[in-house]
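[1] here's a sequence, model it:
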Amino acid sequence: MSDSRLHFLGTGDSEAMRFWNTNLMLESGSRRLLIDCGYTIKYALRDAGLAVPDIDAILITHTHADHAYGLERFGIETRYRYGTRVTLYAEPDVLPALWHETLKGSMGYSSDGENRLEDFFDVVAIENHSLEFADHHLRTFPTEHTGGMATYGVEIDDSVIFTADSKPLAWIAEDRSRRTILHDCSLQADNPVHATLGEIIAFYPPEVRRRMLAIHYGDDLETHRAAIERELGGVAEQGASLVL
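    This next block holds a predicted model:
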């Protein structure tokens, strides 16, 4: 699949100003799937030479603003400016909160009256943690993030593990494949809902960390870059991509 790439549209945490929200894009031929769609997504797409109409589908891992608030712009613009609907993938336990607790406040009513999520998107509930996009197989897995919230990461083929927002995960520590791991990496000394760099180093064996790229980091990246590059495989650089 040499014509397929996973682009790092944004790599920052929710507070970052030097980096856009951590949102990825799977590009296969002429088709493009966003993995998460935070509030900075239009800027990230602009930097990649793209815009809302260039996206075919979106997968949402959880409902925090830096992963989902860009859907408001996508839904409004595709419906009223372009007359289209983007396919929206999410786990069944993510979808109710995505509408009723996240988007309905700004999208629930319009000039057409009362709306539903399906009025803006072609909504597809992910079945059995599995979906196909273009020539790729994606599998979702639960993460350890915010208590009481449904949160997921994504595996892409046999190539990539993306934790999205998560504390360290035991099954990844035992993974002996050659897959690249894009791991949530808070640069704070302590964080109750994100894996810190110190936790990653202590939790994962060196052979796993060598396949790991830090993502979802803060503006103080350069202060920690040397440690990341010494202990992990490196940094997922904004604007870079992986060939799948």
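[2] name the nearest residue to residue 65, ignoring sequence neighbours.
    Closest residue in space to residue 65, ignoring its immediate chain neighbours: residue 39 at 5.7 Å, by C-beta to C-beta, 6 or more residues apart in numbering. Bear in mind the C-beta positions are built from the backbone N, C-alpha and C, glycine included.
[3] got the contact list for the one you found?
    The neighbourhood of residue 39, defined by C-beta atoms under 8 Å, 6 or more residues apart in numbering, consists of 21, 65-66, 69-70.
[4] now the buried members of the residues you listed.
    Listed as buried from the contacts of residue 39 are 21, 66, 69-70; burial here means 16 or more other C-beta atoms under 10 Å.
[5] ok, those residues vs residue 113, which is closest?
    residue 69 (23.4 Å; C-beta to C-beta).
[6] list the residues that contact the closest one.
    37-39, 102.
[7] adding pLDDT, write the contacts of residue 39 out as TSV.
    Shown next, in TSV, are the contacts of residue 39 (pLDDT from 0 to 100):
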residue	pLDDT
21	98
65	98
66	98
69	98
70	98
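[8] re earlier: dump the contacts of residue 69 to TSV, plus pLDDT, distance to residue 230 and secondary structure.
    Formatted as TSV, the contacts of residue 69 follow (pLDDT from 0 to 100; distance: C-beta to C-beta, whole Å; DSSP: H, G, I helix; E, B strand; the rest coil):
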residue	pLDDT	distance to residue 230	secondary structure
37	98	33	coil
38	98	29	coil
39	98	33	coil
102	97	39	helix
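[9] and those residues, which is closest to residue 195?
    residue 38 (18.7 Å).
[10] name the nearest residue to the closest one, ignoring sequence neighbours.
    Nearest non-adjacent residue to residue 38 (C-beta to C-beta, 6+ apart): residue 21, at 3.0 Å.
[11] past whichever helix in the chain runs longest, which element shows up next along the chain?
    Across the chain, the longest stretch assigned as helix under DSSP state H is helix 221-231. Per DSSP states H and E, helix 221-231 leads on to strand 234-235 as the next helix or strand towards the C-terminus.
[12] relative to that next one, what are the paired strands and their orientations?
    Using DSSP bridges, the strands paired with strand 234-235 are strand 212-215 (parallel).
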